[in-house]
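J.: Following is a predicted model, sequence given first.
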Amino acid sequence: CTPTGSRIYIVQYRSGGRRSSTRRVTIGKHGSPWTPDMARDKAERVLAEVKLGGDPAQERTKRRQEPTISVLANRYLVEHVSAHNKPATAKEMRRLVETRIVPKLGRVRTSELARAQVKSWHSAMHATPTEANRALGTLSRMMSLASGDWELRLDNPCLGISKFPERKRERFFSEDELKRIGEILNAAEKVNSILPGVINAIRLLAVTGCRLGEIR
């Protein structure tokens, strides 16, 4: 019983004999759903675990100290993405983490993220299939590190989850479109309304198919 009048069920035990310090595990506050009988049943299960060599209080402390997906995501961005990805890729990874992963999964403990949660989270983004697949890929890389190099869990819950079919996005300008672009560039060049370097860059993009970064 607390000074404020709250009644809380706890289990107190020693895990290493009489000389060891006592530990406490909180079961819950009296009332819905914890009745005296339910609390006793829970206490018996905790004490049975202690007799088998377990330490429930230590396990709970360990879980509370375990990083959440939000903390894991920040470590992923700092230690992995910034070191192994180009700036443009790193920027996209950060966007996916900050807008898609952390808002929905950030509070989940790393070891407690379940495959069903990942599946539900991915399915909720069905309206934007390409974005959903990119977010799933980013989360999968995070969890691969968590289950591998960082040893924070035993498996990657993202593996085996089916991605959405994606619409083909590649498209080429038609002859008419290229002609219109050329006319506009010629007109701009005559009146000097656009920097010559910009006009040349657009022409190079149109006729070579290079990436914008390469032309820059």
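T.: Happy to help now that I have it. Residues are numbered from 1 along each chain as shown.
J.: residue with max distance from the center of the protein?
T.: Within the chain, the residue lying farthest from the chain centre (CA atoms, centre = their mean) is residue 190, at 51.6 Å.
J.: Identify the residues contacting that one.
T.: Applying CB atoms under 8 Å, 6 or more residues apart in numbering to residue 190 gives no contacts. Every residue, glycine included, has its C-beta placed from N, CA and C.
J.: Just say helix, strand or coil for the residue sitting nearest the centre point of the chain.
T.: The chain has residue 101 as the residue nearest its centroid, 4.0 Å off, counting by CA atoms, centre = their mean. Classification of residue 101 by DSSP: H, G, I helix; E, B strand; the rest coil places it in helix.
J.: That one is in contact with residue 72, isn't it?
T.: No - in this structure, residue 101 is not within contact of residue 72 by CB atoms under 8 Å, at 9.5 Å.
J.: got any residues that touch both of these two?
T.: residue 142.
J.: ok so residue 26 is a strand residue?
T.: Yes - counting by three-state DSSP, one finds residue 26 located in a strand.
J.: Now it. Nearest residue, chain neighbours left out?
T.: Spatial nearest neighbour of residue 26, excluding adjacent residues (CB to CB, 6 or more residues apart in numbering): residue 10 at 5.3 Å.
J.: Now do the SS call for residue 207.
T.: helix.
J.: separation between it and residue 137?
T.: Distance of residue 207 to residue 137, given as CB to CB, to the nearest Å: 33 Å.
J.: higher neighbour count, the two?
T.: residue 137 (14 against 9; other CB atoms under 10 Å).
J.: if I look at that one, how far off is residue 83?
T.: 18 Å.
J.: Please apply the same query to residue 158.
T.: 22 Å.
J.: okay, the two: which has more neighbours?
T.: residue 158 (20 against 8).
J.: Run through the protein and note the low-pLDDT ranges.
T.: For the chain, applying pLDDT under 70 flags the ranges 17, 57-65, 169.
J.: Now do the helices for it: every range, in order, please.
T.: 36-51, 56-65, 69-75, 82-84, 87-96, 102-105, 115-123, 129-147, 175-191, 196-208, 212-215 (DSSP state H).
J.: export these to CSV and tack on distance to residue 4?
T.: As requested, the helices of the chain are exported to CSV (distance: least, CB to CB, whole Å):
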stretch, distance to residue 4
helix 36-51, 19
helix 56-65, 23
helix 69-75, 32
helix 82-84, 48
helix 87-96, 44
helix 102-105, 35
helix 115-123, 36
helix 129-147, 40
helix 175-191, 73
helix 196-208, 70
helix 212-215, 62
